[in-house]
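> need coordinates for the following:
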Amino acid sequence: MSERYDLCVIGSGPAGEKGAAQAAFYGKSVCLIERAPRPGGTAVNSGALPSKTLRETALLFHQLRQRGVTGVDWRVRPDASIGDFMRRERAVVDQAWHAIDENLARHQVTRIRGTARFVDAGTLEVTHPGEAPRRIAAERFLVATGSQPHRPAEIPFDGRVVLDVEEMLDRRTPPARLVVIGGGAAGCEFAATFAALGAKVTLVTDRPRLLAQLDADVADAVRNEMTRRLGIQTAAAVAVTDIRVTGDIATVTLGDGRILHAECVLYCAAREGRIAALDLPAAGIAVTPQGFIQVDRTTFRTTNPRVVAAGDICGFPALASLAMEQARVAVCQAFGLSFKTAVSPVVPTPIWTIPEVATVGLTEEAARTEGIRVERGLAYFRDNPRGQIVGELDGFVKLLFRTDDKRLIGASVMGEGAAELIHIPAAVIGLGGTIDYFIGAVFNYPAMADAFKYAAYDGLQRLALRVSAAMEARARSTPVDTPTVPPPDRG
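Model (predicted):
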């Protein structure tokens, strides 16, 4: 006989936990199935929290070496392990586990340990070693099993020299030489972290540039700073044609003929949905060619009307913050609850490279492709007193706004604290505000956020110059593209 619930959730990562709690808050009977011994999914156990903890330690160590203190010599013991750099990680992960346990208990979510697979459109079978299989039936299902590293057959993964991102943090010692394959967020983050720990890093991507999702000038600035600060070498628009391991050394051959040697090769060029155990065809659930569950991006319903999916299992972008909101909306949509009907289109995206970078809204290239007439405003942290105090001299903020009404449509920040600062322009975009908000706002002094005001001033000056040029052209009877809003005075 099947156990019955209003909602059955598969996976206890950010999406699964928040989706389960959302439904339970509205009085639904909820069970959550997780095959791992502890909750949290990749974000807590092997991804976001562990890697960002290591990154913070690496950043601190790099800053101490770069800035120096007279009479103090900062060195790493030859036998220092990656675990030594991650001692804070255990406390962070333990606290995350505790918070998830408390949240699920407070909402009276029933937790079941085991591996779930669909038997039919409305029933799961859950198996766990040493226990009899259980049948779970539910009115609705939320699939939130996340994603895993894509492991192409041509890459000779061995768990020792050639690794994926989930294996990298288990490596005992930081490599002296590291080749990272993949120029997206994960590849750049790992490259920066291990370079800060002292590794000689080469970052390889088959795309024309690193971090292709960013504004081109922002992506170029990050690449330049990673090279200048950390000595990272980059190889763009080139493929890896061969990887061979001899003893403890990998030889990596690139399509342009270059040959690289390293103690470690990290492959992080793609991810795929964690769907193998689910038997999705039995429930009539379609998947994309990339191995992610196919969903309606508004309701998050799958091709089975009783099943919704949220988080990394749905594909790009793989953000824990977005996964939580997708799950809350998916559950509300599934049960007809009016509390959350849509995920905000304004999604701030951080990338924890060194330097840190974050973006929100449209890039300049995307805006022009959509035919939006835009202007930009820039301000550099080297001109900001707080930036000078903390030594963040090469970072900047960039605001992107429409020329006709000055409405803010995009923003980027490069520099430490970017992931926090980006929420300010994100809020302005979400509320439909203009860059005049920054002109009128009062920011703490000294504070990095004050750079937004001067980026807005810069943008208005650029707009004023454009209007002036248009007026001169008009006087000469030369047709030009003219903004309609006169420039306000700079205060």
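
> and for stretch 436-446, what's in contact with it?
For stretch 436-446, the surrounding residues in contact (CB atoms under 8 Å, 6 or more residues apart in numbering) are 384-386, 389, 399, 406, 408, 428, 449-450, 452-453, 455-457, 460, 488, 491. All C-beta atoms are positioned from the backbone trio N, CA, C, and that covers glycine.

> and for Pro37, the neighbour number?
When counting by other CB atoms under 10 Å, one arrives at 7 neighbours for Pro37.

> so which of the contacts of stretch 436-446 are in strands?
Those of the contacts of stretch 436-446 mapping onto strands are Leu399, Leu408, per DSSP state E.

> give the buried subset of the contacts of stretch 436-446 as a ChimeraX selection command.
To isolate the buried ones among these in ChimeraX, judged by 16 or more other CB atoms under 10 Å, type:
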select :384,386,399,406,408,428,449,450,452,453,455,456,457,460
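
> rounded mean pLDDT for stretch 234-246, please.
For stretch 234-246, mean pLDDT is 96.

> err, stretch 368-388, not the other one
According to the model, stretch 368-388 has a mean pLDDT of 96.

> quick one: end-to-end distance for it.
34 Å (CA to CA, to the nearest Å).

> show me which positions of it end up buried.
Quick answer for stretch 368-388 (16+ other CB under 10 Å): Ile372, Val374, Glu375, Arg376, Gly377, Leu378, Ala379, Tyr380, Phe381, Asn384, Arg386, Gly387.

> surely the third one is within a strand?
Meaning Glu375. Yes. Counting by DSSP: H, G, I helix; E, B strand; the rest coil, Glu375 is located in a strand.

> please enumerate the strands of the stretch 1-150 of the chain.
Taking DSSP state E, counting those that start in this stretch, the strands of the stretch 1-150 of the chain run over residues 3-10, 30-34, 110-113, 115-120, 123-127, 134-143, 147-149.

> what sits up against stretch 118-134?
Counting by CB under 8 Å, 6+ apart, 2-3, 8, 10, 33, 35, 112-117, 135-138, 141, 278-280, 282-285, 304, 306-307 sit against stretch 118-134.

> show the buried residues in these.
Buried, going by 16+ other CB under 10 Å: 3, 8, 10, 33, 35, 112, 114-117, 136-138, 141, 278-280, 282-283, 285, 304, 306-307, out of those.

> give the bridge partners for Val162, please.
Following DSSP bridges, Val162 is listed with bridge partners Val265.

> give me the number of residues near it?
22.

> spit out the contact partners of it.
Applying CB under 8 Å, 6+ apart, the residues contacting Val162 are Ile155, Pro156, Ile243, Val245, Ala250, Cys264, Val265, Tyr267.

> pick the one among the residues you listed closest to Phe300.
Tyr267 (30.0 Å; CB to CB).

> wait, the closest one sits on Ile155?
Yes. Taking contacts as CB atoms under 8 Å, Tyr267 lies within contact range of Ile155: 5.2 Å.

> intersection of neighbour lists for those two?
Val162, Ile181.

> the two: who's more crowded?
It is Tyr267, of Tyr267 and Ile155, that has more neighbours when counted by other CB under 10 Å, with 26 against 17.

> which residue is the nearest non-sequential neighbour of the more buried one?
Ile181 (4.8 Å; CB to CB, 6 or more residues apart in numbering).

> list the contacts for Asn304?
So Asn304 contacts Ala121, Ala283, Gly284, Ile285 (CB under 8 Å, 6+ apart).

> test my guess that the second one contacts Val307.
Going back to what we said before, that points to Ala283. Yes. Contact status for Ala283 versus Val307: in contact at 6.3 Å, counting by CB under 8 Å.

> which neighbours do these two share?
Contact with both Ala283 and Val307 is made by residues Ala121, Phe141, according to CB under 8 Å, 6+ apart.

> tell me the bridge partners for Val179.
Thr202, Val265.

> residue contacts, it?
Val179 touches Val201, Thr202, Val204, Ala250, Val252, Leu260, Ala262, Cys264, Val265, Leu266, counting by CB under 8 Å, 6+ apart.

> tell me how many other residues crowd the residue lying closest to the last one once chain neighbours are set aside.
Across the structure, with CB to CB, 6+ apart as the measure, the residue nearest Leu266 apart from its sequence neighbours is Val180 (4.8 Å). Residues contacting Val180 under the criterion other CB under 10 Å number 31.

> I'd say Arg229 and Gly391 touch.
No. If you go by CB under 8 Å, Arg229 and Gly391 don't touch, sitting 11.3 Å apart.

> which one of the two has more residues nearby?
Taking neighbours as other CB under 10 Å, Arg229 and Gly391 compare with Arg229 leading, 16 against 13.

> the stretch 101-250 of the chain: helices as residue ranges?
Here the stretch 101-250 of the chain has its helices, by DSSP state H, counting those that start in this stretch, at 165-168, 185-196, 216-230.

> most packed of those helices?
helix 185-196 (a mean of 26; mean count of other CB atoms under 10 Å).

> ok, residues contacting that helix?
With CB under 8 Å, 6+ apart as the contact definition, helix 185-196 has outside contacts at 51, 54-55, 58-59, 61-62, 165, 168, 174-175, 178, 180-181, 201, 203, 205, 210-211, 213, 222, 226, 230-232, 266, 268-269, 351-354.

> of these, buried ones?
51, 54-55, 58-59, 61-62, 165, 168, 174-175, 178, 180-181, 201, 203, 205, 210-211, 222, 226, 230, 232, 266, 268-269, 351-354.

> how about Asp158: what's its closest non-neighbour residue?
Val245 (6.4 Å).

> I'd say that neighbour and Ile155 touch.
No. The criterion here is CB under 8 Å, and Val245 misses it with Ile155 at 11.1 Å.

> mind giving me the packing neighbours of the longest helix seen in the chain?
Longest helix of the chain, by residue count under DSSP state H: helix 451-475. Applying 3 or more CB pairs under 8 Å, 6 or more residues apart in numbering; DSSP states H and E, we find helix 451-475 packed against strand 374-380, strand 396-402, helix 436-440.

> pairing partners for the second one, with directions?
Same thing as strand 396-402. When DSSP bridges is applied, strand 396-402 pairs with strand 374-380 (antiparallel), strand 408-414 (antiparallel).

> find the nearest non-adjacent residue to the residue at minimal distance from the centre of the chain, please.
Closest residue to the average C-alpha location of the chain: Leu319 at 4.7 Å, with CA atoms, centre = their mean. Nearest non-adjacent residue to Leu319, counting by CB to CB, 6+ apart: Thr349, 6.6 Å away.

> for that neighbour, report the pLDDT, please.
Value for Thr349, per-residue pLDDT: 96.

> what residues are up against it?
Gln213, Pro317, Leu319, Ala358, Thr359, Val360, Ile422.
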